[in-house]
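A.B. asks: Model the following, please.
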Amino acid sequence: MRENPSTSLAQLGIGLIGTGFMGRAHALAFGNANAALDLPARIRLTALADADSVRAEQCASAWGFDHSHADWQHLISDPQVQIVAITTPNHLHFPMAMAAIA
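C.D. replies: So this is what the prediction gives:
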């Protein structure tokens with residue numbers, strides 16, 4: 001008999017940078033991943049970042065994230081985040097990606 005996956009699997013914290021169309025699309029996908037896919041770890045919607053702190057808080061609450069940041073650098077340094085999804089406009093990706101992999 002298989003154990004309850006929510007208690008037997010490790011969790012991976014998702015950090016999402018950006019709250020536009022692609023941010024919402026990624027949030028919906030990550031939010032449904034545990035039910036739709038047989039993953040070796042459970043996905044947890046951990047943190048969301050947007051330069052507009054009010055929008056960050058609103059989207060984090062509406063999309064099921066644990067907390068929000070007004071600064072993407074705080075999200076990247078959040079110890080609860082293991083996976084960073086960058087959904088900002090393309091020209092902003094490079095510094096965020098380099099910081100995330102450092």
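
A.B. asks: can you give me the strands for this structure?
C.D. replies: Using DSSP state E, the strands of the chain run over residues 11-17, 42-49, 67-69, 83-86.

A.B. asks: Adding mean pLDDT, mean neighbour count and distance to I76, write those out as TSV.
C.D. replies: Where you see a C-beta, it was placed from the backbone N, CA and C, and this is true even at glycine. Shown next, in TSV, are those (pLDDT from 0 to 100; neighbours: other C-beta atoms under 10 Å; distance: least, C-beta to C-beta, whole Å):
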stretch	mean pLDDT	mean neighbour count	distance to I76
strand 11-17	98	22	7
strand 42-49	98	23	8
strand 67-69	98	20	9
strand 83-86	98	19	6
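
A.B. asks: Identify whichever of these lies nearest to I101.
C.D. replies: strand 83-86 (8.8 Å; C-beta to C-beta).

A.B. asks: Who are the packing partners of the closest one?
C.D. replies: Where contact means 3 or more C-beta pairs under 8 Å, 6 or more residues apart in numbering; DSSP states H and E, strand 83-86 is packed against strand 11-17, helix 93-101.

A.B. asks: Could you export the ones you listed as a markdown table, including distance to F30?
C.D. replies: Shown next, in a markdown table, are the helices and strands packed on strand 83-86 (distance: least, C-beta to C-beta, whole Å):
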| stretch | distance to F30 |
| --- | --- |
| strand 11-17 | 5 |
| helix 93-101 | 16 |
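
A.B. asks: The ones you listed: which one's closest to H26?
C.D. replies: Using C-beta to C-beta, the nearest of those to H26 is strand 11-17, at 6.0 Å.

A.B. asks: strand partners of that closest one, parallel vs antiparallel please.
C.D. replies: In the sheet, strand 11-17 lines up against strand 42-49 (parallel), strand 83-86 (parallel) (DSSP bridges).

A.B. asks: Dump these into JSON lines; add distance to D71 as well.
C.D. replies: What follows is the strands paired with strand 11-17, written out as JSON lines (distance: least, C-beta to C-beta, whole Å):
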{"stretch": "strand 42-49", "distance to D71": "7"}
{"stretch": "strand 83-86", "distance to D71": "14"}
